Structures are given as C-alpha cells and as structure tokens.
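# need a structure here:
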Amino acid sequence: MTQTIELDRVFHALADPTRRAVLQRLSGGGAAVSELAAPFDMALPSFLQHLKVLEGCGLVRSQKSGRIRTYELSPGPLRAAEGWMADQRKLWERRLNQLDRYLEDLKPLMDAKRKKEKR
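Got it, this is the predicted structure:
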C-alpha cells in the first residue's frame, strides 16, 4: 500500500509541466531556487509550492547554505515509476499478443464463412 501511495505522489508531481521542467533542468545538476524559478512567469511563493510537491514525493532534495537553498534531483522515485510502467508494458504486450493469436486463429474461419456466403 505504501508503494502505491508513493507512486501516486510521483505521478501527481509529474503531471504538472512546471514540475517536469524543473526536473529536466535538475537533470543537468543542482541549482538554487532563484535559478530554477527564473524561466517561469509566476510569483516565487507559487513556484515554491511546486518545489514542495517535488520534495514531498522524493523527486528532489534540498540543502541550505547560508541564505541559498539548492535543489538536486533524487532519481529513486523515478526508477520506481519506471519499474511500474515496465510492468504495465509487459502486461499489455502479453494481452495484445494473446489477442493477435486469437485473431489469427479466427481468420481461417472467417475466410471459410465468406467463401460459403459467396456460393
């Protein structure tokens, strides 16, 4: 259950384009809040809420040195989300393969039915 809640929080965080952009920026290395906020047309308190969501689900971590708070990427939760998506992909690939086999088995029957109807 805890893993489900953690995944829900990660996907919630990833659902927002601002937060995805912050993660993309942090993939190149840590950055101060002011640097992260600069590209966005929003008030700093609103931007800080995005960082709070990212930090709350563990996608980023921060440290404060004097008056400067720096954030860096924490990839663990992304790996968990990636694992969940890989499991889903396997499941759906298996289901689609089963459907494909069923349709291939059905095709000769349908062809025979069409031939019979033409007579």
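# contacts, neighbours, all on C-alpha from now
OK.
# Quick check: residue 59 vs residue 2, distance?
Using C-alpha to C-alpha, to the nearest Å, we find residue 59 at a distance of 16 Å from residue 2.
# Have a look at these two and say which one is more surrounded.
It is residue 59, of residue 59 and residue 2, that has more neighbours when counted by other C-alpha atoms under 10 Å, with 22 against 7.
# Do I have it right that that one meets residue 74?
Yes. The criterion here is C-alpha atoms under 8 Å, and residue 59 meets it with residue 74 at 4.9 Å.
# list the helices and strands the longest helix anywhere in the chain packs on?
Scanning the chain for the helix with the most residues, using DSSP state H, yields helix 76-118. Judged by 3 or more C-alpha pairs under 8 Å, 6 or more residues apart in numbering; DSSP states H and E, helix 76-118 is in contact with helix 2-14.
# what's the angle from the helix it packs on to helix 76-118?
Between helix 2-14 and helix 76-118, the angle comes out at 90 degrees (axes from the mean of the first three to the mean of the last three C-alpha atoms, to 10 degrees).
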